[in-house]
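K.L.:
no sequence on this one, just coordinates:
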C-alpha cells in the first residue's frame, strides 16, 4: 500500500489573512520507504504582511516568482 504525506508552509495561522507559500508531497510505502517527493514554493494570493517581509530567511522573494497554488 502506498500513501501520500502533504506538508504546507504558510504565512501564518489564519485562513482569512494568511496564504500557503510552500507545498510538498511525499509518497511512501507501508514500510515508510520514500518512493517519490515533490516540493515547490507557491506565489501567495495576497501580499506578504510587513512583519513577515522583515524576518531573516524570509521566503517572500522566492515565493513571489513562483506559480499560484492552483497551477501546481
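P.N.:
Noted; the coordinates are in hand. None of these values were measured; they are calculated from a predicted model. Residues are numbered from 1 along each chain as shown.

K.L.:
next, give phi and psi for residue 43.
P.N.:
Backbone geometry at residue 43, expressed as degrees, to the nearest 10, gives phi -80, psi 120.

K.L.:
cool, and residue 8?
P.N.:
Here residue 8 shows phi and psi, under degrees, to the nearest 10, equal to phi -130, psi 140.

K.L.:
how much space between it and residue 30?
P.N.:
Here the criterion is C-beta to C-beta, to the nearest Å. By it, residue 8 lies 24 Å from residue 30. Quick note: C-beta positions are derived from backbone N, CA and C, even for glycine.

K.L.:
more crowded one of these two?
P.N.:
Using other C-beta atoms under 10 Å as the criterion, residue 8 and residue 30 rank with residue 8 on top: 13 against 8.

K.L.:
so who does that one touch?
P.N.:
Contacts for residue 8 were tallied using C-beta atoms under 8 Å, 6 or more residues apart in numbering; they are 20, 22-24.

K.L.:
try residue 6
P.N.:
Per C-beta under 8 Å, 6+ apart, neighbours of residue 6: 23-25.

K.L.:
adjacent strands (with direction) for the helix or strand that contains it?
P.N.:
Element membership for residue 6, per DSSP states H and E: strand 2-10. Sheet partners assigned to strand 2-10 using DSSP bridges are listed as strand 20-29 (antiparallel).

K.L.:
next, the angle from the helix or strand following the strand it pairs with to strand 20-29.
P.N.:
Where DSSP H and E defines the elements, the next helix or strand beyond strand 20-29 is strand 34-41. Relative orientation of strand 34-41 and strand 20-29, computed by axes from the mean of the first three to the mean of the last three C-alpha atoms, to 10 degrees: 170 degrees.
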